[in-house]
Structures are given as C-alpha cells and as structure tokens.
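Asker: quick one, structure for this:
(one chain, ligands or ions: 1)
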Amino acid sequence: MASKATTSGICYLVGAGPGDPGLLTLKGKECIESADVLVYDYLCNPEHLRYAKPGTERIYVGKKAGDHTLPQEEINKLIVKLTREGKTVTRLKGGDPVLFGRGAEEAAELHEAGVRFEIVPGITSAIAGPAYAGIPVTHRSHASMLTIFTGHEDPTKPDTSLDYAKLAQADGTKVFLMGVERIEEITGEFLKHGAKPETPMALVRWATHGCQQTLVGTLATMAAKVKEAGFKAPAVAVIGDVVTEREQLNWFEDRPLFGKKIVVTRTRQQASTLSKQLAHLGADVIELPTIRIEPAEDQLEFGQLVQDCHTYEWIVFTSPNGVDAFFTMFDKLYNDARSIGGARIACVGPGTAEKIKARHLAVDLMPEKNFVAEGLVKAFDQHQNMENVNVLWVRGAETREVIANGLTAMGAIVDEAIGYRTVAETEDNLEALARLKNEGADMITFTSASTVEHFLDLHVQLPENCKIASIGPVTSAAIKQYGFNVDVEAKESTIPGLVAAIEKFWK
Ligand code: SAH
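Answerer: Model (predicted):
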C-alpha cells in the first residue's frame with residue numbers, strides 16, 4: 001500500500017482528444033492552464049500547448065510507433081519525479097488517456113509513489129475518428145454492439161491475447177487502433193475465422209485533423225488498398241455495416257475547402273482569425289507567421305501625440321494594429337476613457353472598426369467598400385471640407401503615405417503618430433517550414449505587402465502549382481512587383497472577404 005500523498009504536487013493524466021483543437025475537454029484545458037510542466041506525446045495536438053501560461057516547461061516524450069523518444073519506464077519516472085517536486089504536472093495523451101494509452105500504468109506508478117493524480121478522460125480516436133469520416137460506431141439498423149481492440153499485437157504469434165475466432169464472429173462494429181502495419185494479418189485472421197469477405201471496412205488516417213484521409217473497402221479488399229495507396233499510421237480502422245452510413249453522413253470531408261492545404265502568413269497573434277475561418281471550411285492550415293508587430297521606436301513622440309489626441313478634430317486609424325498601439329499607449333497615459341475628448345474617428349475598414357467598437361467608441365467615417373487608404377481619402381473628400389482640419393493619423397512605420405498626402409492635399413493639417421513597426425518574425429518557424437517543404441501547399445495567403453516581403457525574405461521555394469491569394473489591390477501590387485501571379489484577390493479587403501474569395505476560387 002502506498003503512503004498517502006505528501007507533497008502539494010499533482011499529476012493530471014489528460015486525454016488531449018484526437019487532434020481537432022476543439023475536441024479538448026474544458027477540464028483538460030484547465031489542466032493545461034494550471035500546469036507548471038506539460039509532458040506530451042506524438043499524437044497530442046501541439047496546438048493545445050498554447051493554453052499554457054508563459055514559462056510553463058514543455059517536455060515532449062514522443063512515442064511515435066518505432067520511435068520512442070523516451071521509453072515508458074522513463075516517462076513513468078519523469079512524471080513521478082516532477083510531481084514529487086511539488087509541481088502541477090499535466091500529462092497530455094492523444095485521445096483518451098486510458099484507451100490503449102498506458103494511462104493506467106502511469107496512474108499506478110503515481111499511486112505507488114504516493115503522489116496525487118487525476119484522470120481526465122478525453123475524446124478517443126476510436127469513436128471520433130469514424131464519426132469524422134461519417135461513420136457512427138453504433139446504429140439502430142446496423143450495430144448495437146461495439147468492440148474496440150488493438151492491432152498492435154502480432155496475430156501470428158501464439159501468445160496473442162486476442163481471440164480472432166471470437167472477434168470474427170462477434171456481432172456489431174469492430175474498431176481497432178494501431179493496426180495499419182498489420183492490416184493484412186488482421187483482415188486475414190477475420191476471414192480465416194469466417195467473417196464475410198464483403199463486410200464493409202474503413203480506415204481513417206489523422207482523423208479530425210485538416211489532413212484526414214479515409215480509405216473505404218471491405219475485409220477482403222482493404223489490405224491491398226492500403227498497399228496501393230501507401231496508407232500509413234496513425235489510423236483508426238472500423239469494420240461493419242455502419243461504414244455504409246458514410247455515403248450520406250460524410251460531413252467533415254464534404255466541407256468546401258477540405259483537402260486544401262493553405263498557408264497563413266500573418267502575425268502569430270492575428271493568424272488565428274483567418275486560420276479558424278479557413279479551417280472551419282475544411283482547409284488544412286499551415287500557420288507560417290512571417291511578420292511580427294513591435295512598438296514604434298520613438299515611444300516618447302508617439303506618447304506625446306496620443307496624449308494630445310483630444311485636441312484633434314479627427315483621429316484616423318488605418319489598421320487594427322494601429323488601434324492596439326494607440327490604446328495601449330492611451331491606457332498608460334489616462335485612466336478615463338473620456339480623455340479621448342470630442343475627436344471623431346475614421347477607420348479604413350471593418351477589421352479596424354471592430355477594434356474601435358470593442359472600446360465602445362463609434363466610428364464616424366469609413367469607406368463604403370474600398371477598404372484601403374485611397375478609399376478613406378475619398379470618403380473624407382465626400383464627407384466634408386478638410387481645409388485647416390486637424391487630423392491625427394495613427395500609423396505603422398512602414399505604412400504608405402496615402403493618408404497624409406491625400407488629406408494634406410485637401411488642406412488638412414495632418415500629424416502622424418507612428419505607433420508600431422512591422423519586423424520579420426524570427427521565432428522558430430521550423431515546424432511550419434518543414435511542413436511546407438514536405439507536404440507542399442495548394443495556396444498561400446497574403447494579408448499585407450509586408451507579409452509578402454517578409455515571406456520572400458525567408459527564401460522558401462513556393463511549392464509547385466501553389467496558388468496565391470491576396471487581401472486586396474495594395475497587397476496584390478506587392479505580389480506582382482516580385483514577379484508572381486495573383487490567383488485570388490478579395491473583393492472586399494477584409495479577412496471575411498479574403499475567405500469568401502478563396503472559397504469561391506476552389507468551388
Ligand atoms: N489513447 C488514444 C489511442 C492511443 S494508441 C485514443 O484514445 O485515441 C495510438 C493509436 O490511436 C494510433 O496508432 C491510431 O490507431 C489511433 N489514433 C490516435 N489518434 C488518431 C487520429 N487522430 N487519427 C487516426 N488514428 C488515431
């Protein structure tokens with residue numbers, strides 16, 4: 001009997017779900033947020049790690065079949081040691097932690113060591129994988145029983161604990177994990193023991209991920225199909241009549257951008273809105289941030305201009321980043337929202353306006369459709385006489401001079417507050433770059449001229465036939481300037497506009 005827990009440490013054995021970032025439980029997310037150390041596997045989607053607080057230690061322990069970065073005994077020792085040190089340890093495992101996940105063994109070690117642990121179940125690939133391929137594991141007309149087994153055992157070995165005679169004869173659906181490498185032996189055993197050769201069967205690879213692939217056949221044909229397609233692990237296999245439901249329920253792979261690999265080059269912070277919308281339509285997104293937003297070099301000058309903002313008749317914002325920079329400074333200088341005074345606010349487009357509205361401020365002027373600086377200048381021209389009107393323009397260091405030139409030409413007095421600058425993203429992009437190189441891409445998206453320039457600075461070869469999508473005319477001009485074709489240009493220069501144009505392009 002182990003002694004009662006003596007340290008404040010605790011180890012959460014958490015199921016990270018099958019891959020889709022949305023298929024993590026709320027409790028699992030809380031465990032990631034509260035962790036001092038994250039210990040995670042090959043099949044755990046690394047995207048979940050972003051919930052960790054800054055400074056959280058991350059330990060990758062691998063466990064891709066045949067490539068055990070750390071043997072199981074070492075993993076056991078590691079989590080015991082870390083928990084004993086009084087840490088909150090979150091051990092993330094793909095799918096559910098105790099379904100063929102050795103979670104029980106890890107729990108037993110923790111119990112033995114007398115440290116506290118909790119098991120947080122996860123959504124298993126055994127059920128979610130088929131569901132994302134349009135295959136329900138049970139069904140009133142096809143199957144009222146489900147058997148889940150591991151294909152990792154060698155069925156030709158006499159000491160197998162699996163009774164293929166019983167499995168082959170059992171009613172209902174059979175699902176097995178870790179079986180792609182042994183597909184021939186497993187289906188062979190089923191057939192040998194009297195299962196019908198025409199029994200429908202499917203394999204779902206990287207289920208619930210953007211790159212999910214499904215292979216459909218029968219018990220008799222599947223092994224040959226796997227060979228022919230070069231189908232590899234990780235995959236869930238499902239055997240039974242429920243597979244026929246896929247013909248009508250294949251929702252995930254039927255989405256408009258499914259099978260399209262699309263590169264997003266925005267900043268890490270801003271990428272997610274675009275990535276999410278593309279992923280929602282089924283795209284497999286590679287986030288390759290090429291730029292990063294930094295505070296302007298001259299913070300003193302920027303601060304002085306922001307401090308005087310209430311003395312202007314207009315404050316002009318031409319990017320969401322400008323709004324962020326302005327209010328970060330504003331909040332440092334003032335603790336009363338009314339300090340912005342009576343200045344009216346103009347925005348270049350809806351993305352920028354959203355940010356203003358989030359501060360409970362109204363936008364007084366915005367172009368009707370042409371969401372670029374030229375459009376805003378025109379909107380001013382139509383709106384009022386600008387003679388001697390004081391304008392504060394909040395801009396980035398690299399922003400084109402269109403606003404200053406246009407409004408000055410109309411007689412306005414324009415002060416330029418440089419709130420931020422765009423620099424090359426130097427953070428580790430290796431994973432995204434490797435994906436781009438190995439997997440290629442169907443499309444790359446550019447949301448500003450600076451994303452184009454900084455992408456080219458990376459000296460990455462664009463994959464063959466990779467289409468180029470641009471958010472609007474200014475970005476397109478930058479793309480063309482470097483000798484590339486623009487295949488898709490958003491009608492409306494906004495993220496939803498870009499997404500709509502991409503969807504239309506692939507229709
Ligand atoms: N505990 C996990 C299973 C771990 S065993 C779970 O509940 O899902 C590892 C096997 O799970 C893989 O070999 C593969 O058969 C299956 N698997 C896990 N995630 C998968 C995914 N996203 N797509 C397909 N198969 C997956």
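
Asker: without its sequence neighbours, what residue ends up closest to Val37?
Answerer: Closest residue to Val37 apart from its sequence neighbours, by CB to CB, 6 or more residues apart in numbering: Glu57 at 4.5 Å. Placement of C-beta: from N, CA and C, glycine included.

Asker: can you report how many residues lie near that neighbour?
Answerer: When neighbours are counted by other CB atoms under 10 Å, Glu57 registers 13.

Asker: hang on, it packs against Val39?
Answerer: No - assessed by CB atoms under 8 Å, Glu57 is found out of contact with Val39, at 9.0 Å.

Asker: contacts only, for whatever residue of the stretch 51-200 of the chain ends up closest to the ligand.
Answerer: Proximity to the ligand, evaluated over the stretch 51-200 of the chain using CB to the nearest ligand atom, is greatest for Gly95 at 1.9 Å. By CB atoms under 8 Å, 6 or more residues apart in numbering, the contact set of Gly95 is 15-18, 43, 101, 122-126, 128.

Asker: near the ligand, list only the ones from these.
Answerer: By CB under 6 Å from any ligand atom, the members of the contacts of Gly95 lying near the ligand are 18, 43, 101, 124-126.

Asker: between the two ends of stretch 383-392, how far is it?
Answerer: 17 Å (CA to CA, to the nearest Å).

Asker: tell me the buried residues in it?
Answerer: 386, 389, 391-392 (16 or more other CB atoms under 10 Å).

Asker: of those, which belong to strands?
Answerer: Using DSSP state E to define strands, the subset of those located there is 391-392.

Asker: could the buried residues of stretch 383-392 go into JSON lines alongside distance to the ligand and pLDDT?
Answerer: Formatted as JSON lines, these follow (distance: CB to the nearest ligand atom, whole Å; pLDDT from 0 to 100):
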{"residue": "Met386", "distance to the ligand": "58", "pLDDT": "97"}
{"residue": "Val389", "distance to the ligand": "58", "pLDDT": "98"}
{"residue": "Val391", "distance to the ligand": "54", "pLDDT": "98"}
{"residue": "Leu392", "distance to the ligand": "51", "pLDDT": "98"}
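
Asker: from the buried residues of stretch 383-392, which is closest to Lys87?
Answerer: The shortest approach to Lys87 among these belongs to Leu392, at 49.4 Å (CB to CB).

Asker: hmm, back to that, who wins for neighbours among the ones next to the ligand among the contacts of Gly95?
Answerer: Most surrounded of these: other CB under 10 Å gives Pro18, at 31 neighbours.

Asker: find the nearest non-adjacent residue to that one, please.
Answerer: Ser125 (4.1 Å).

Asker: show me the contacts for the one you found.
Answerer: 18-19, 43, 94-95, 177, 207-208, 234, 236.

Asker: run the last query once more with 7 Å
Answerer: Neighbour list for Ser125: 18, 95, 177, 207, 236 [criterion: CB atoms under 7 Å, 6 or more residues apart in numbering].

Asker: Thr451 - that's part of a helix, no?
Answerer: Yes - according to DSSP: H, G, I helix; E, B strand; the rest coil, Thr451 belongs to a helix.

Asker: ok, for it, nearest residue in space, not its chain neighbours?
Answerer: Nearest non-adjacent residue to Thr451 (CB to CB, 6+ apart): Thr265, at 4.3 Å.

Asker: and the longest strand seen in the chain, what other elements does it pack with?
Answerer: Secondary structure of the chain per DSSP E: the longest strand is strand 413-424. In terms of contacts (3 or more CB pairs under 7 Å, 6 or more residues apart in numbering; DSSP states H and E), strand 413-424 is packed against strand 291-295, helix 299-307, helix 320-333, strand 390-396, helix 402-409, helix 449-457.

Asker: what parts of the stretch 51-200 of the chain come near the ligand?
Answerer: Residues of the stretch 51-200 of the chain that fall close to the ligand, judged by CB under 6 Å from any ligand atom: 93-96, 99-101, 124-126, 129, 177-178.

Asker: make TSV from the contacts of Ser125 and add secondary structure and pLDDT to it.
Answerer: As requested, the contacts of Ser125 are exported to TSV (DSSP: H, G, I helix; E, B strand; the rest coil; pLDDT from 0 to 100):
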residue	secondary structure	pLDDT
Pro18	coil	97
Gly95	strand	97
Leu177	strand	97
Ala207	coil	97
Val236	strand	98
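
Asker: residues in contact with Glu105?
Answerer: 72, 76.

Asker: ok so it is a strand residue?
Answerer: No - per three-state DSSP, Glu105 lies outside any strand segment and is helix.

Asker: adding distance to Leu191, write the ones next to the ligand among the contacts of Gly95 out as JSON lines.
Answerer: Below are the ones next to the ligand among the contacts of Gly95 laid out as JSON lines (distance: CB to CB, whole Å):
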{"residue": "Pro18", "distance to Leu191": "29"}
{"residue": "Leu43", "distance to Leu191": "30"}
{"residue": "Gly101", "distance to Leu191": "29"}
{"residue": "Thr124", "distance to Leu191": "27"}
{"residue": "Ser125", "distance to Leu191": "25"}
{"residue": "Ala126", "distance to Leu191": "22"}
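
Asker: out of the residues you listed, who's nearest Val474?
Answerer: Among the ones next to the ligand among the contacts of Gly95, and counting by CB to CB, the member closest to Val474 is Pro18, at 40.7 Å.

Asker: now that closest one: phi and psi?
Answerer: Backbone torsions of Pro18, given as degrees, to the nearest 10, read phi -80, psi -10.

Asker: touching, it and Pro130? I think so.
Answerer: No - assessed by CB atoms under 7 Å, Pro18 is found out of contact with Pro130, at 10.6 Å.

Asker: what mean pLDDT does the longest strand of the chain have?
Answerer: On average, the pLDDT along strand 413-424 is 96.

Asker: can you check what angle separates that strand from helix 320-333?
Answerer: 110 degrees (axes from the mean of the first three to the mean of the last three CA atoms, to 10 degrees).

Asker: tell me which residues of stretch 440-455 come out buried.
Answerer: Buried residues in stretch 440-455, defined by neighbour count with 16+ other CB under 10 Å: 441-455.

Asker: then that stretch to CSV, C-alphas only?
Answerer: Listed next in CSV are the C-alpha coordinates belonging to stretch 440-455 (Å, rounded to 0.1, in the frame of the first residue of the first chain):
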residue,chain,number,x,y,z
GLY,A,440,3.6,21.3,-50.1
ALA,A,441,0.6,23.6,-50.2
ASP,A,442,-2.3,24.4,-52.5
MET,A,443,-2.4,28.1,-51.7
ILE,A,444,-0.6,30.8,-49.8
THR,A,445,-2.4,33.9,-48.4
PHE,A,446,-1.0,37.4,-48.0
THR,A,447,-2.8,40.0,-46.0
SER,A,448,-0.4,42.9,-46.4
ALA,A,449,2.5,43.9,-48.5
SER,A,450,4.8,43.3,-45.5
THR,A,451,3.7,39.6,-45.3
VAL,A,452,4.8,39.3,-49.0
GLU,A,453,8.1,40.9,-48.4
HIS,A,454,9.0,39.0,-45.3
PHE,A,455,7.8,35.8,-46.8
